[in-house]
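Participant: Just need the structure, nothing else, for what follows:
(one chain, ligands or ions: 2)
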Amino acid sequence: MKIRSVRARVYEWKGKTVPPQGNFCSNAMDLVYSNTETMSTFRFHSWTVVEVETDDGIVGLGNVALAPRIAKAIIDEYLAPLVVGQDPWDSEYLWQRMYRATHAWGRKGVTMAAISGVDLAIWDILGKSVHKPVFKLLGGRTKEKIPCYYSKLYRTDLKAMQAEAQKFLDQGFHAFKMRFGYGPAHLQDGVKKNLQAVEALREVIGYDNDLMLECYMGWNLEYAKRMLPKLEKFEPRWLEEPVIADDIGGYAELNDMGIVPISGGEHEFSLYGFKQLLDRKAVSVVQYDTNRVGGITAAHKINALCEAYSVPVVPHAGQMHNYHLTMSTLASPMAEYFPIFDVEVGNELFWYIFDGEPIAENGFLQLRDDVPGLGLTLKTEYLDQFQITG
Ligand SMILES: O=C(O)[C@H](O)[C@H](O)[C@@H](O)CO
Ligand SMILES: [Mg+2]
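Facilitator: Numbers count the residues shown, from 1 in each chain. Ligands and ions are numbered 1, 2, ... in the order given. Next up, the predicted model:
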């Protein structure tokens, strides 16, 4: 079998979106004076779909969410020529070709996301060619079903956030992630509002359910050191991305305080990036995203590394490419789950592009043994609400 073609298309959402709600999620831009809405650069309203076709007609599906148009250009210009004509079963060889050929300017960020998109499609081909789901190629079923945590609760009106939490508590979720809306720039009033939001959520879910807290890189080390002792009483399972991804020393100092487990990784890339995080004891929970980190080839290696370090893996994003990694290793206890909502940040967009995603039931997800590859097909229902290029 040989790879005959690689096609990258950018799906740009033109449908209904939820307008930005003030302070719904702290983020890295909060620390930079700006008169524009800070979360704007962290919206995923377009997505690159990668289709790799073999000479016997198998089409593998991959996807890229980071900087989709740039990712497409990198795939078209650099990555496709490296894999066309090659045997998809040589997945490690193909990954090294893509990684090393772009090493001078790649390694992290959008290049690694582009490599991930091609790698996902290659693994989809492998599964389809032997009529097995990808997780069966990675070690198989380590769980009867995958526990997942409900991830949204954008910090807006507290009553609305509590009602949202109650609705999904009633649907059987046992773990919830909320976003802080405030950081250092919002002074003491922001500290108070952050703590009020956590208190409001604990009022609904109680202490028999897991609570995770997301900063999305919107704090800094000094602010996080002040906040951690105030958060301890709420017993969070983790505090996520308190500082920017490059501040590994900050992560390590916060994690070393041992007050709340620090999590991160959705903005880290490659096996080497995670070796550095683990060697520095920078995180207590690893959260790579398989469509960013280097695809299944890289994520599978990082799973093994995390197993050796006894650091759990809870991949970023509730999306199928991550579920196969969680299913195939004891190192990953659960998955994130983005529910189906109107498009807001863009985490929801996956539901509008792909069919095949499992719907959570009672806080669990199931992957089927009889669905080959990643288990995704392209949805046709919303095509008229996308502008597709490529
Ligand atoms: O962990 C997450 O789910 C991400 O950080 C979110 O995708 C981001 O949109 C912040 O809510
Ligand atoms: Mg996050």
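
Participant: Ligand 1 contacts on the stretch 51-200 of the chain?
Facilitator: With C-beta under 6 Å from any ligand atom as the criterion, the stretch 51-200 of the chain comes near ligand 1 at residues 151, 179. In short, each C-beta sits where N, CA and C put it, glycine included.

Participant: Can you show me the helices along the stretch 151-300 of the chain?
Facilitator: 158-170, 187-205, 221-231, 248-256, 270-279, 295-309 (DSSP state H, counting those that start in this stretch).

Participant: Most tightly packed of these?
Facilitator: helix 295-309 (a mean of 22; mean count of other C-beta atoms under 10 Å).

Participant: Which pLDDT value goes with the residue nearest the centre of the chain?
Facilitator: Among the residues of the chain, the one closest to the centroid is His316, at 2.7 Å (C-alpha atoms, centre = their mean). You'll see His316 listed with a pLDDT of 98.

Participant: for Ala163, same thing?
Facilitator: So Ala163 comes in at 97 (pLDDT).

Participant: next one: the one 5 residues further on
Facilitator: pLDDT, Phe168: 98.

Participant: Tell me who's in contact with it.
Facilitator: 150, 176, 339 (C-beta atoms under 8 Å, 6 or more residues apart in numbering).

Participant: ok, now Gly265?
Facilitator: Going by C-beta under 8 Å, 6+ apart, the list of residues near Gly265 reads 274, 277, 283, 286-288, 293, 316.

Participant: Adding distance to ligand 1 as columns, could you present the residues you listed in a markdown table?
Facilitator: Shown next, in a markdown table, are these (distance: C-beta to the nearest ligand atom, whole Å):
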| residue | distance to ligand 1 |
| --- | --- |
| Phe274 | 16 |
| Leu277 | 16 |
| Val283 | 13 |
| Val286 | 13 |
| Gln287 | 7 |
| Tyr288 | 11 |
| Val293 | 14 |
| His316 | 5 |
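
Participant: Can you give the distance of stretch 301-316 from its chain's centre?
Facilitator: 15 Å (C-alpha atoms, centre = their mean, to the nearest Å).

Participant: Over to it now: how far is its first residue from its last?
Facilitator: Start and end residues of stretch 301-316 are separated by 16 Å (C-alpha to C-alpha, to the nearest Å).

Participant: again with stretch 32-46
Facilitator: Using C-alpha to C-alpha, first and last residues of stretch 32-46 are 25 Å apart.

Participant: what about it, average pLDDT?
Facilitator: Mean predicted confidence for stretch 32-46 is 83.

Participant: Same check on stretch 134-154?
Facilitator: On average, stretch 134-154 scores 97.

Participant: ok, the closest residue to Met334 other than its chain neighbours - contacts?
Facilitator: Once flanking residues are discounted, Met334 sits nearest to Pro147: 4.2 Å by C-beta to C-beta, 6 or more residues apart in numbering. Applying C-beta under 8 Å, 6+ apart, we find Pro147 in contact with 174-175, 333-335, 363-364.

Participant: how about a cut-off of 7 Å?
Facilitator: 333-334, 363-364 (C-beta atoms under 7 Å, 6 or more residues apart in numbering).

Participant: Also Lys16?
Facilitator: 342-343.

Participant: Tell me what Lys177 is bridged to.
Facilitator: Ser151, Met212 (DSSP bridges).

Participant: roughly how far apart are it and Glu336?
Facilitator: Distance, Lys177 to Glu336, by C-beta to C-beta, to the nearest Å: 7 Å.

Participant: who touches both of these two?
Facilitator: By C-beta under 7 Å, 6+ apart, the residues touching both Lys177 and Glu336 are 149, 151.

Participant: Give me the pLDDT for the closest residue to Arg226 other than its chain neighbours.
Facilitator: Counting by C-beta to C-beta, 6+ apart, the nearest residue to Arg226 once its immediate chain neighbours are dropped is Val191, at 7.5 Å. pLDDT for Val191: 98.

Participant: for the one 10 residues further on, same thing?
Facilitator: Leu201 is assigned 98 on the pLDDT scale.

Participant: Might one say that it is in contact with Ala165?
Facilitator: Yes: here Leu201 reaches Ala165: they are 5.8 Å apart, a contact under C-beta atoms under 7 Å.

Participant: Can you check which residues contact both of these two?
Facilitator: Common neighbours of Leu201 and Ala165 (C-beta under 7 Å, 6+ apart) are 153, 176.
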